[in-house]
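S.K.: give me coordinates for this.
(3 chains)
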Amino acid sequence: MTTFVLIHGSWHDGPLWEPVITELEALGHTAYGPTVAGHGRGADKNVTHDDCVKSIVDYVESNDLADFVLLGHSYGGTVIARLAEEIPERIQRLIFWNAFVPQPGNSLMDEAPPHYRELFTSLAAATDDNTVMLPFPVWREAFIQDADLETATRTYELLSPEPLQPMADKLDLTRFYQSEIPKSYINATEDIALPPGEWGWHPRMSSRLGMYRLVQLPGSHEVMFTNPKLLAAKIVEAGRP
Amino acid sequence: MTTFVLIHGSWHDGPLWEPVITELEALGHTAYGPTVAGHGRGADKNVTHDDCVKSIVDYVESNDLADFVLLGHSYGGTVIARLAEEIPERIQRLIFWNAFVPQPGNSLMDEAPPHYRELFTSLAAATDDNTVMLPFPVWREAFIQDADLETATRTYELLSPEPLQPMADKLDLTRFYQSEIPKSYINATEDIALPPGEWGWHPRMSSRLGMYRLVQLPGSHEVMFTNPKLLAAKIVEAGRP
Amino acid sequence: MTTFVLIHGSWHDGPLWEPVITELEALGHTAYGPTVAGHGRGADKNVTHDDCVKSIVDYVESNDLADFVLLGHSYGGTVIARLAEEIPERIQRLIFWNAFVPQPGNSLMDEAPPHYRELFTSLAAATDDNTVMLPFPVWREAFIQDADLETATRTYELLSPEPLQPMADKLDLTRFYQSEIPKSYINATEDIALPPGEWGWHPRMSSRLGMYRLVQLPGSHEVMFTNPKLLAAKIVEAGRP
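M.R.: This next block holds a predicted model:
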């Protein structure tokens, strides 16, 4: 039985993993879903990417977690790549689930297609705390198109504004790219949060991992809401020895 | 419950939608499958692309259809792109199912791979009415490879010669590319009517839609014959609010 | 009912087809799984690609096999392409299952990504019989990632060292590329034995076949072990008239 630590993406927080954690537990595993600094309602949004990483290091150390499989979703990929540099001795395997794997020196924004860079920059500029809220039409069409409208609306209300700074911080990642921790990539085949092709998730991001284990499932970027049972089964497949 | 208007592709006509319409109706929806001008047996094949578009405008107006989801299959993509320019106020959403989305100013032929351009041009030149019949081996191997031979043969006999002119007419499409009608793309993952890769359907055609909802299903270019039930379910998913 | 001749890939031998042959027979078909020269435990590893081809020609002739569908897996693609040159009159159809389709004049090694070329060359240089054994971590992560560890370990023990020479021999293939034998490509959608993208199986290899029938299934490069029943069904679909 495996211990999983699940790192959410932008606009999400830890409690949103609950359906996936329930399914992982039903399969006999243990899973933790911490909230990254600057995320969730009421959080202080004035954070850097290093603050995000430190918040998970603190969580892992204060809960004395070790020998776990570490999964990052979307933006969470940038966090787990950094955690592989900070606490490698605790990590059995990294799983990137439709997650960013930035090239050395790049920020998440450097890896995003131009239309997202422009959208996020202009949305953040219109706020007084440098945050971005994903517009509902983008959520509905490009993030959770496999849900009905009721589910899309209900889950949208669980999201919270994303601080821009962690997405703009450049990440060195030299030690991550030298790391020999085993790696998996989970790709949901209908995930168009990044547009398929030149700017897509797979094989663009996955191929940067060197040798990696590929696991695929049908579904959108938010299959954690639309099919948590299948996602949990695929997380187990991606994380097993 | 949704009203669908289904625009067939080359060599097809409206009555061939019958299995799909039956399944859509079983799901509680209403669907229409008109025949595009110049298509079907006994039709006058001396038509332009504008004639094709006008025939559907006339159909929609004479049946007083409004607030419908408009789907185009294959060649039908060029027709629904033009309908989005002619009768936008009636269209809730456009669905391109393995359909052409020509770049502004291009004809369908401009978007087809060279071997099809040459094949169609030479076949049409050998007729006295400038039409093209798809050779059976191409139908069997590249259009309906997920059927058994009996089904492939039976459905081939339902096809009729395609007029070349509508495939050769250049389409401006400026207003289509400015349109804010929501758009979906349905991709059958084994569709090789266009060869996967450089000349393929997805993401080559789909990515031209800007923000779009992607829906995928297993099957060939002719999954309307080989799995109409699943196709209908995916049409509903692509067309819902 | 169809007769199949199944040509295994590198590190495999004929008896490993047993689960697939059992499933093909359950569907009413007949299937043969010969061992290619230089393959299997105890075989003389001092062979050329021509020796490999000749061993199957001899097998076919001595068993008086004709009117069969010829399938090649992985390295086996290079063998069936050559057999289409040597014994075309006996072959109804060629099926390439995640198989190499070398460009004219190329060896398999010319078609492999640089990291495999370097790995295989250095591994062979360290042996006294110019063979390569696939390292277990590559097998587990990139060849059979859809199996549990027990299955991955058990099947690894069935493999045997691969002679490098047949992978290094240049293949003319002029007559293969002129052949009009119908062709199918089976692609397992999670096969990362070749890395997806620039160096991948599909559409890179498949598109070289000209007009071909595409059949896909979920699974890894070794779905013959992890899902022989589904693979057999797809072989039938790829091989039927």
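S.K.: put the alpha carbons of the lowest-mean-pLDDT helix or strand in chain A into CSV.
M.R.: Least confident helix or strand, chain A: helix A:114-125 with a mean of 95, by mean pLDDT, DSSP states H and E. Provided in CSV are the C-alpha atoms of helix A:114-125 (Å, rounded to 0.1, in the frame of the first residue of the first chain):
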residue,chain,number,x,y,z
PRO,A,114,0.6,33.4,-25.7
HIS,A,115,-3.2,33.7,-25.3
TYR,A,116,-3.0,32.6,-21.7
ARG,A,117,0.0,34.8,-20.9
GLU,A,118,-1.9,37.8,-22.2
LEU,A,119,-5.2,36.9,-20.5
PHE,A,120,-3.6,36.2,-17.1
THR,A,121,-1.4,39.3,-17.2
SER,A,122,-4.3,41.6,-18.1
LEU,A,123,-6.6,40.0,-15.5
ALA,A,124,-4.1,40.3,-12.8
ALA,A,125,-3.4,43.9,-13.7
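S.K.: report whether stretch A:202-214 contacts chain C.
M.R.: Yes: using CB under 8 Å from any CB of the partner chain, stretch A:202-214 reaches chain C at A:202-204, A:206-207, A:211-214. Yep, even glycine has a C-beta here, placed from its N, CA and C like the rest.
S.K.: okay, now A:Pro15: neighbour count?
M.R.: Number of residues near A:Pro15 (other CB atoms under 10 Å in any protein chain shown) recorded here: 12.
S.K.: list the contacts of A:Gly239.
M.R.: Contact analysis of A:Gly239 by CB atoms under 8 Å, 6 or more residues apart in numbering or on different chains lists A:2, A:4, A:69, A:71, A:92-93, A:95, A:184.
S.K.: now do 7 Å
M.R.: A:Gly239 makes contacts with A:2, A:4, A:69, A:93, A:95, A:184, as judged by CB atoms under 7 Å, 6 or more residues apart in numbering or on different chains.
S.K.: tell me, what residue is most central in chain A?
M.R.: Taking CA atoms, centre = their mean, the centroid of chain A lies closest to A:His73, which sits 2.1 Å from it.
S.K.: ok, it to chain B distance?
M.R.: Here A:His73 is placed at a distance of 19 Å from chain B (CB to the nearest CB, to the nearest Å).
S.K.: next secondary structure element downstream of the helix or strand where A:Thr153 lies?
M.R.: Per DSSP states H and E, A:Thr153 falls inside helix A:149-156. Under the assignment DSSP H and E, the closest C-terminal helix or strand after helix A:149-156 is strand A:162-163.
S.K.: partners of that next one in the sheet?
M.R.: When pairing is defined by DSSP bridges, strand A:162-163 lines up against strand A:131-132 (antiparallel).
S.K.: off-centre distance for the partner strand?
M.R.: Here strand A:131-132 is found 17 Å from its chain centre; the criterion is CA atoms, centre = their mean, to the nearest Å.
S.K.: over to stretch A:24-43?
M.R.: 12 Å.
S.K.: in CSV, could you pull the C-alpha coordinates for that stretch?
M.R.: What follows is stretch A:24-43, C-alpha atoms only, in CSV (Å, rounded to 0.1, in the frame of the first residue of the first chain):
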residue,chain,number,x,y,z
LEU,A,24,-7.5,6.0,-3.1
GLU,A,25,-8.5,5.0,0.5
ALA,A,26,-11.1,2.6,-0.9
LEU,A,27,-8.2,1.0,-2.8
GLY,A,28,-6.3,0.6,0.4
HIS,A,29,-3.9,3.5,0.1
THR,A,30,-3.3,6.7,2.2
ALA,A,31,-3.4,10.1,0.6
TYR,A,32,-2.8,13.7,1.8
GLY,A,33,-4.0,16.8,0.0
PRO,A,34,-2.3,19.9,1.5
THR,A,35,-3.1,23.4,0.4
VAL,A,36,-0.2,25.3,-1.2
ALA,A,37,0.6,28.7,0.3
GLY,A,38,-1.4,31.5,-1.4
HIS,A,39,-4.2,29.2,-2.4
GLY,A,40,-7.7,28.8,-1.2
ARG,A,41,-10.2,31.4,0.0
GLY,A,42,-9.0,33.8,2.6
ALA,A,43,-5.3,32.9,2.1
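S.K.: residues contacting the residue nearest to the centre of chain A?
M.R.: Contacts for A:His73 were tallied using CB under 7 Å, 6+ apart; they are A:7-9, A:97-99.
S.K.: where does it fall, phi/psi-wise?
M.R.: Main-chain torsions, A:His73, degrees, to the nearest 10: phi -110, psi 120.
S.K.: buried subset of the residues of stretch A:202-214 next to chain C?
M.R.: Neighbour counting by 16 or more other CB atoms under 10 Å in any protein chain shown classes A:202-204, A:206-207, A:212-214 among the residues of stretch A:202-214 next to chain C as buried.
S.K.: looking at those residues, which are in helices?
M.R.: Per DSSP state H, helices hold no members of those.
S.K.: who in chain A is up against chain C?
M.R.: A:202-203, A:207, A:211-214, A:216, A:240-241 (CB under 7 Å from any CB of the partner chain).
S.K.: widest-spaced pair of these?
M.R.: The distance between the two most remote of the residues of chain A next to chain C (CB to CB) is 24.4 Å, for A:Pro203 and A:Pro241.
S.K.: how far out from the middle of the chain is the helix holding A:Thr153?
M.R.: For helix A:149-156, the distance to the chain centre is 20 Å (CA atoms, centre = their mean).
S.K.: ok, now stretch A:23-38?
M.R.: Relative to the centre of its chain, stretch A:23-38 is centred 13 Å away, using CA atoms, centre = their mean.
S.K.: how about stretch A:182-193?
M.R.: Distance, stretch centre to chain centre, for stretch A:182-193: 11 Å (CA atoms, centre = their mean).
S.K.: would you mind pulling the contact partners of it?
M.R.: Under CB under 7 Å, 6+ apart, the answer for stretch A:182-193 is A:74, A:93-98, A:142-143, A:146, A:201-202, A:206, A:209, A:212-221, A:223, A:234, A:238-239, B:214, B:216.
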